[in-house]
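Asker: Could you work out the structure for the sequence below:
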Amino acid sequence: MSEEESYSESVILIEPEEYPEQRISQFSVSILAEKLLTVLGHLEDKKKDLEGKGLQFNARTLLLGPPGTDLEAFVYHIAREHPLKVVRVRISQALGNIANLSETIRIACEFAKRNSPAILFLERIDIFAQSNSVQGAVLQSEINEISWDENEVLVIASTTRPDLVDREVLSSFSRIHVFEGTTFDDRVRAFEKCLEGRDDFEPTQLAELTEGWSFSDIIHLSTNLLVQIPEVKEKFSRERFENFIKESGSLATGRQEVIDSISRRTRGVHLPLFDTTDSEYPSEFLDQLYIMAVGDDFQGTQRVIESLNSSLPLSVQDKEFLGKYPFLLSGSSEDRLTRLMRAKRSSDRLSRIMGR
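Answerer: Numbers count the residues shown, from 1 in each chain. Sure thing, here's the model as predicted:
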């Protein structure tokens, strides 16, 4: 990558041809980048109408998603297809000089305008624009002076922690895309590309078994499978795939319940790393089981769920309760609370009907 040291060691310039021709990207992210390119292609026809109404198409875009989402695929796709230079802040160096962070922001914005047409990519914008911070105020002021139809600069920012970003900064973005995780299509396409040439792997089955896994999780799993599993002539069964995943060393770090499970295991409480209870307890049946538990002991059910959700050590009493109601391990923290309150309402309604 070429670097312009005359501005700052923290700010770098990437030419379109410096990006690799082939990149395994998250499809749902790339497809939204393609839609923005389509809009930009039609902008010239709309520009006079916008100006007549006093409107401006700034095209500032904010990408939000859980950790492991391939948000950079959005920038890669536009940089390669338009093509455009990319100006970005080298985060490691910027954080090493916090006192000059505001100046780094100003330099990056000015650098992008001087190298237009270009993309100003603000990765992990929560670092530069925390609530009520000087840097946040500087960033808002600077990017509000940048727009595609005026400067030919696309401001694209990303974060996995929008709750940390100053709300004034958030209001400066005209386009906000939220990715909740990988789609089934994301996972199938990623496995197809990663495992290309391996006829013994079935991408569709792997995609079904990795629901809730982040894009980076999928890439790590694919790499581990290629390295660890010798090629055979016949396709592997679903059961073999399940075993491969468990033995691969890969984890669904994109799933909060897996992180919670790891936390409990390191505290001496053994819980399954793989959410096998989801397959054992279909959703509707799980609701019925919750109603049963709530009807038997609402306070006990509530206590155990609160302990699970807060990663607190389980008491002997809680472990005995889980032995009786193991389905409480299923699902995320939010899912447990939702099912608990829904079961409580249903149980109370049944009690009223039966005159208790």
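
Asker: Where in the protein is the helix or strand with the lowest mean pLDDT?
Answerer: Least confident element among the helices and strands of the chain, by mean pLDDT, DSSP states H and E: helix 276-280 (a mean of 45).

Asker: Can you point out the buried residues in stretch 174-190?
Answerer: Using 16 or more other Cβ atoms under 10 Å as the test for burial, stretch 174-190 gives 175, 177, 179, 181-182, 186-190. In short, each C-beta sits where N, CA and C put it, glycine included.

Asker: List the ones among the residues you listed that fall in helices.
Answerer: Within those, residues falling in helices by DSSP state H are 186-190.

Asker: how about the residues you listed in a markdown table, adding distance to Leu206 and pLDDT?
Answerer: Converted to a markdown table, these look like this (distance: Cβ to Cβ, whole Å; pLDDT from 0 to 100):
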| residue | distance to Leu206 | pLDDT |
| --- | --- | --- |
| Asp186 | 12 | 97 |
| Arg187 | 7 | 96 |
| Val188 | 8 | 96 |
| Arg189 | 12 | 97 |
| Ala190 | 9 | 97 |
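
Asker: so Leu226 sits right up against Leu195, yeah?
Answerer: Yes: using Cβ atoms under 8 Å, Leu226 makes contact with Leu195 at a distance of 6.8 Å.

Asker: neighbour-wise, which of the two wins?
Answerer: Neighbours were counted for Leu226 and for Leu195 using other Cβ atoms under 10 Å; Leu195 has more, 19 against 14.

Asker: Contact partners for that one?
Answerer: If a contact means Cβ atoms under 8 Å, 6 or more residues apart in numbering, then Leu195 has 201, 203, 206, 222, 225-226 as its contacts.

Asker: So which of the residues you listed is the closest to Tyr325?
Answerer: Leu206 (31.7 Å; Cβ to Cβ).

Asker: Might you list the low-confidence residue ranges for the stretch 201-350 of the chain?
Answerer: In the predicted model, the stretch 201-350 of the chain carries pLDDT under 70 at residues 257, 261, 264-265, 267-283, 311-313.

Asker: now the residue most central in space within the chain, what's its secondary structure?
Answerer: In the chain, the centroid-proximal residue (Cα atoms, centre = their mean) is Pro66; its distance is 2.5 Å. Using DSSP: H, G, I helix; E, B strand; the rest coil, the structure places Pro66 in coil.

Asker: if we can go back for a sec, dump the ones in helices among the buried residues of stretch 174-190 into CSV; add distance to Ile305 as well.
Answerer: Shown next, in CSV, are these (distance: Cβ to Cβ, whole Å):
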residue, distance to Ile305
Asp186, 31
Arg187, 30
Val188, 34
Arg189, 37
Ala190, 34
